[in-house]
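**Student:** curious how this folds, go ahead:
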Amino acid sequence: MQMTDINFTGMQDMQKMLQEKYKDKWRALCPEIARDKLLWMIIEAGEAADIIKKEGDRAIVNNGAVRHHFIEELCDTLMYFNDVALCYGITPEEMSAVYIEKHEINMGRWSSEEA
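**Tutor:** Residues are numbered from 1 along each chain as shown. Prediction:
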């Protein structure tokens, strides 16, 4: 599977494929395990933060190995994020609509005089 840009649908489809592959080993995605998935997501975000703490911002920009490791941790975070959405049946369309709505709220939140 070679892709260059993944949207919410693509990410969720990939998570569904992974879930199907390991259905005999993993619990099914459902609201009852969403909390566990959210906690794992936070742990993965912490691992990304740990790289910032240990390696520094410049290393993420300038050192290919550090950058790759940092991106891997961000991807782990996104994978669990999508698992949480799947547990609650949140569709890519719902996520996109609310994301756009929230963006519009944030764009109008502060006037240019306050910035």
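**Student:** hey, where'd the helices end up in this protein?
**Tutor:** In the chain, helices defined by DSSP state H lie at 8-21, 31-55, 57-62, 64-87, 92-107, listed in chain order.
**Student:** most tightly packed of the ones you listed?
**Tutor:** Comparing the helices of the chain by mean neighbour count (mean count of other CB atoms under 10 Å), helix 64-87 comes out on top with a mean of 17. No exception for glycine: its C-beta is placed from N, CA and C like everyone else's.
**Student:** that one packs against which elements?
**Tutor:** Where contact means 3 or more CB pairs under 8 Å, 6 or more residues apart in numbering; DSSP states H and E, helix 64-87 is packed against helix 8-21, helix 31-55, helix 57-62.
**Student:** okay if I get those as JSON lines plus distance to residue 105 and mean pLDDT?
**Tutor:** Shown next, in JSON lines, are the helices and strands packed on helix 64-87 (distance: least, CB to CB, whole Å; pLDDT from 0 to 100):
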{"stretch": "helix 8-21", "distance to residue 105": "19", "mean pLDDT": "94"}
{"stretch": "helix 31-55", "distance to residue 105": "23", "mean pLDDT": "97"}
{"stretch": "helix 57-62", "distance to residue 105": "29", "mean pLDDT": "98"}
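**Student:** nearest to residue 104, of those?
**Tutor:** Closest to residue 104 of these, according to CB to CB: helix 8-21, at 18.0 Å.
**Student:** how much does the closest one deviate in direction from helix 92-107?
**Tutor:** Interaxial angle of helix 8-21 relative to helix 92-107 (axes from the mean of the first three to the mean of the last three CA atoms, to 10 degrees): 140 degrees.
**Student:** which residue sits closest to the most centrally placed residue in the chain, ignoring its sequence neighbours?
**Tutor:** Centroid-nearest residue in the chain: residue 78, 1.9 Å away (criterion: CA atoms, centre = their mean). Using CB to CB, 6 or more residues apart in numbering and skipping the chain neighbours, the partner closest in space to residue 78 is residue 11 (6.4 Å).
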